[in-house]
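In: give me a model of this one.
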Amino acid sequence: MFKLYNRLKIIYQLQLIDDQLDELEELRGDLPKTVKVLEDKINSLKEDIANMEKEQKESLKKRNRNELEVEKLSENQKKFKSQLYQVRNNKEYDALTKEIDHTEDQIKKLTAENDSLADLSKSLTVQIEDIKPSLDELKQELKENKADLKEIVKANEKEEAKLRSNRKKIESEVKKPDISAYMRIRKAKKGKAVATIKRSACSGCHNVVPSQRQLEIRQNNKLYLCEYCGRILVSNEIAESAKE
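Out: As a prediction, this is how the structure comes out:
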């Protein structure tokens, strides 16, 4: 019985420390969430800019390759045109004019593609320039929120460090099945995994605990869960002992 008494006491002590840590977390308000949202937005915009700049670089490479190809085709076209004066029959003439026309079509196609790529690059530049002011504003907002958060954290860092140290020590004394159950219930019940009985009701959900079950809980010889909310129920004796 003594072992179970201590087991229940330790679980409740863990809840008391977590309550204090939760209060410190609440002092930070929405700042941690705001900082995270701002960081995500900034990273998203940076990624957008990086992708657009990459697209611009690829566009420039493609344009350079096209220009080299146009130069090559233009040289070939000059050669074909000069050969027109040396043809000996209609067959050779038709073959050369066909090559000249084909080369001309390729030059026009590559030139048109380069015009489109140049327009794309200009459009991307405009988009990047439009994004930058928003990015700068978000960075400034993030800087201010981080500063506010840092100030709050600094004001409570000693107390928080002490609480976390105590929590680590207490948690090491809790049995693995108990800590697993505690953390699972804590997550499901917004931080409150352990409850006491107040005015014959569970302090967590305020539903009435049957008299027989109250008597059993006061005996401190078994771990009971509230049949309504699933929280671990401990006697007032355990609760008072844990606070000492």
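
In: only C-alpha atoms for contact and neighbour calcs from this point on.
Out: Will do.

In: can you map out the strands along the chain?
Out: 194-195, 197-198, 201-202, 224-225, 232-233 (DSSP state E).

In: and the gap between the residue nearest the centre of the chain and residue 139?
Out: Per C-alpha atoms, centre = their mean, the C-alpha nearest to the average position across the chain is that of residue 40, at 6.3 Å. Note on residue 40: its distance to residue 139, by C-alpha to C-alpha, to the nearest Å, is 11 Å.

In: go on, residue 193?
Out: Taken as C-alpha to C-alpha, the span from residue 193 to residue 139 is 39 Å.

In: try residue 107
Out: 47 Å.

In: could you do residue 34 as well?
Out: From residue 34 to residue 139 the distance is 12 Å (C-alpha to C-alpha).

In: next, the contact list for the residue of the chain positioned farthest from its centre, please.
Out: In terms of distance from the mean C-alpha position of the chain, residue 88 ranks first, at 74.1 Å (C-alpha atoms, centre = their mean). By C-alpha atoms under 8 Å, 6 or more residues apart in numbering, the contact set of residue 88 is empty.

In: what values do phi and psi take at it?
Out: In terms of degrees, to the nearest 10, the main-chain angles of residue 88 are phi -110, psi -10.

In: repeat that for residue 220.
Out: The phi/psi pair for residue 220 (degrees, to the nearest 10) reads phi 60, psi 40.

In: nearest spatial neighbour of it, skipping sequence neighbours?
Out: residue 5 (5.7 Å; C-alpha to C-alpha, 6 or more residues apart in numbering).

In: go ahead and confirm the one you found touches residue 221.
Out: Yes - Residue 5 is within contact range of residue 221, at 6.7 Å (criterion: C-alpha atoms under 8 Å).

In: what's the local residue count around residue 194?
Out: 27 (other C-alpha atoms under 10 Å).

In: hang on, isn't it packed against residue 236?
Out: No - between residue 194 and residue 236 there is no contact under C-alpha under 8 Å: 11.9 Å.

In: which strands and helices lie in contact with the longest helix seen in the chain?
Out: The longest helix of the chain (DSSP state H) is helix 90-171. Secondary-structure packing of helix 90-171 (3 or more C-alpha pairs under 8 Å, 6 or more residues apart in numbering; DSSP states H and E): helix 2-27, helix 31-83.

In: winner for burial among those?
Out: Comparing the helices and strands packed on helix 90-171 by mean neighbour count (mean count of other C-alpha atoms under 10 Å), helix 2-27 comes out on top with a mean of 18.

In: tilt between it and helix 31-83?
Out: Put simply, helix 2-27 runs at 60 degrees to helix 31-83, going by axes from the mean of the first three to the mean of the last three C-alpha atoms, to 10 degrees.

In: who are the packing partners of helix 2-27?
Out: Against helix 2-27 (3+ C-alpha pairs under 8 Å, 6+ apart) you get helix 90-171, helix 176-188, strand 194-195, helix 236-243.

In: quick one: average pLDDT of it?
Out: On average, the pLDDT along helix 2-27 is 90.

In: let me know the angle separating it from helix 90-171.
Out: 130 degrees.
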